Each structure stands twice: as C-alpha cells, then as structure tokens.
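A.B. asks: I'll drop the sequence and a predicted model, then ask my questions.
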Amino acid sequence: MSKVFNFGKNWINFSKFIDENRIELATNSLTNLIDVDLKNKSFFDVGCGSGLSSLVALRLGAKVVAIDNDENSIISTTNLFNKFSLNKNYTIKKESILDEKFLRKLKKFDVVYSWGVLHHTGEMWKALENCSLKVKKKGKLVLAIYNDQGGASRRWYLIKKSYVSSPKIIKFLLIAFFFIFFETRSFIIKLLRFQNPLPFNDWKNKKKNRGMSVIHDLVDWVGGYPFEYSKPEEIFNFIKKRGFSLDNLKTNAGGHGCNEYVFTKN
C-alpha cells in the first residue's frame with residue numbers, strides 16, 4: 001500500500017498563522033461562495049483540516065460538526081475554536097466520510113461542506129455519494145474537487161505518489177523546485193503581458209482566497225496523495241442524478257487547482 005501525505009501536519013503548521021485578518025478573508029470567501037445565512041443552520045465540515053472554514057461557520061452562527069481522519073487536524077481545529085470562538089455549539093470528531101457506520105448515526109445537515117478533501121480519500125466517488133446522503137431537502141452541498149487536466153493530472157499523480165515515498169531531503173527539493181518553477185513561469189508570463197511581474201500581489205490574493213498561505217498550499221498540492229480529479233461535467237452529472245440542482249460553479253479555467261460547486265438538494 002502506498003504511503004499517504006500527512007495533511008494534518010501541514011494544517012497544524014498553517015494554523016499558527018491564523019489571525020483575525022485571515023478569518024475575515026475566509027469569512028468573505030465562504031459567504032460569497034454559499035450566499036446563505038448560516039445562523040442556526042447545521043453545518044457539516046467534511047475534512048476540516050486546519051479548522052478555518054468550520055470556525056468561520058461557527059462564528060456566523062452555525063451549529064458545526066467537523067470531522068477529519070487526521071489527528072493533527074482535529075487538534076488544530078480544536079485549538080482554533082478555543083482561541084477564536086466563545087460559541088460552543090460544535091462537535092469535532094476524528095472520523096472518515098467513508099465510514100458508513102459512523103454516517104448512519106448522523107442526522108442530515110443544512111450545509112454539507114468539503115473543500116479540497118474528497119479527492120484525497122482514495123475513494124472520491126464513494127465520498128461524494130456519502131456527502132450527498134447527508135444533505136437535507138433544500139440544503140446545500142458545497143464542494144471543491146481537483147480539475148482533470150488530462151495528461152498533466154496523470155503526471156501530477158506520479159509526482160505526488162513519489163513525494164510521499166521520498167526521504168525528507170527529496171521532499172524539500174521537490175517543494176523548492178516547484179516553488180521556483182511556478183514563480184518563474186508567472187514572472188515570465190506577466191512580463192510578456194506587460195504586467196507587474198513581482199509575486200507580491202499574487203501572494204496577497206492567495207491569502208484573500210479562503211485566508212490561505214502560498215507555501216502551505218504548495219506543500220499540500222505537491223504532496224497531496226491519494227490524488228483523484230474530475231471534469232466539471234462529471235461531478236455535475238453524478239450529483240444531479242442524486243436529486244440536486246447546480247447553484248454555483250467556479251472553474252479554474254483549465255488550471256491545476258479545484259473547481260468549486262454549490263448544489264441544492266431538490
């Protein structure tokens with residue numbers, strides 16, 4: 001069996017940088033995406049990671065259930081809630097969306113939210129199915145799934161699989177290589193377009209996008225294995241067959257990031 005990436009370790013490191021500014025940016029991102037008043041709504045965060053999205057939902061008045069199968073993510077989320085919220089209307093559990101015995105014990109939710117997680121479970125379509133079953137009628141299913149880039153996605157699969165099996169020095173060199181590669185490519189493209197080629201605005205925009213960090217996102221991207229991906233129409237058709245309609249879709253224009261979806265249960 002192949003090794004898997006230590007997502008929780010990356011997120012607990014990132015959580016040290018979370019402050020009120022990042023929380024505000026993440027709040028803007030979540031409210032713009034979902035466009036639902038979360039006060040007194042039930043919110044199921046599948047793969048809570050650092051806990052930032054769950055914290056945002058909690059501070060917006062939601063009743064939060066946050067799960068992750070990584071102990072470090074549970075620690076990060078718990079610490080974040082204790083530090084930034086007086087609201088105790090939440091449950092944090094070390095569980096997997098693939099555990100059907102656990103899911104049978106759960107009620108349905110007004111919002112089921114899973115940003116950039118299900119494609120790392122090793123069973124993405126089963127995870128999608130299980131998420132869809134936990135949405136109330138007229139509730140929202142909010143997803144972010146890696147885009148299928150064809151050959152590029154197959155190559156990234158091999159890179160990620162190699163990363164998790166490599167010693168620390170190789171992991172460090174891979175991160176350094178891709179940081180230089182992405183920044184150099186961006187620099188050249190901007191020069192050719194007669195734009196400011198310096199990266200600082202891009203880094204600032206990354207922080208605005210859900211309050212995230214350039215380096216922690218890069219580590220997650222290069223090392224994130226298991227790794228699956230899908231074209232937007234595949235996700236749309238799969239979820240539509242389960243009684244949902246599409247409210248919002250934000251694609252990444254063929255890039256290597258996530259396509260974002262908001263569905264409503266009919």
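C.D. replies: Perfect, I can see it now.
A.B. asks: which residues in the protein form helices?
C.D. replies: For the chain, the helices defined by DSSP state H cover 7-15, 20-34, 52-59, 71-84, 100-104, 124-132, 151-164, 168-192, 200-208, 214-223, 232-240.
A.B. asks: tilt between the last one and helix 124-132?
C.D. replies: Pointing back at helix 232-240 there. 40 degrees (axes from the mean of the first three to the mean of the last three Cα atoms, to 10 degrees).
A.B. asks: and helix 232-240, what does it pack onto?
C.D. replies: Counting by 3 or more Cβ pairs under 8 Å, 6 or more residues apart in numbering; DSSP states H and E, the packing neighbours recorded for helix 232-240 are helix 124-132, strand 135-146, strand 244-250, strand 258-265. Every C-beta, even on glycine, is put in place using the N, C-alpha and C of the backbone.
A.B. asks: quick check: which of the helices of the chain is buried the most?
C.D. replies: helix 52-59 (a mean of 26; mean count of other Cβ atoms under 10 Å).
A.B. asks: on that earlier part again, weakest of the helices of the chain in terms of mean pLDDT?
C.D. replies: Mean pLDDT is lowest for helix 200-208 among the helices of the chain, at a mean of 59.
A.B. asks: count of residues packed around the residue nearest to K107 when sequence neighbours are not counted?
C.D. replies: Counting by Cβ to Cβ, 6 or more residues apart in numbering, the nearest residue to K107 once its immediate chain neighbours are dropped is S42, at 7.4 Å. Neighbours of S42 under the rule other Cβ atoms under 10 Å: 21.
A.B. asks: wait, S42 touches V112, no?
C.D. replies: No. The pair S42 / V112 is not scored as a contact, 9.3 Å apart, by Cβ atoms under 8 Å.
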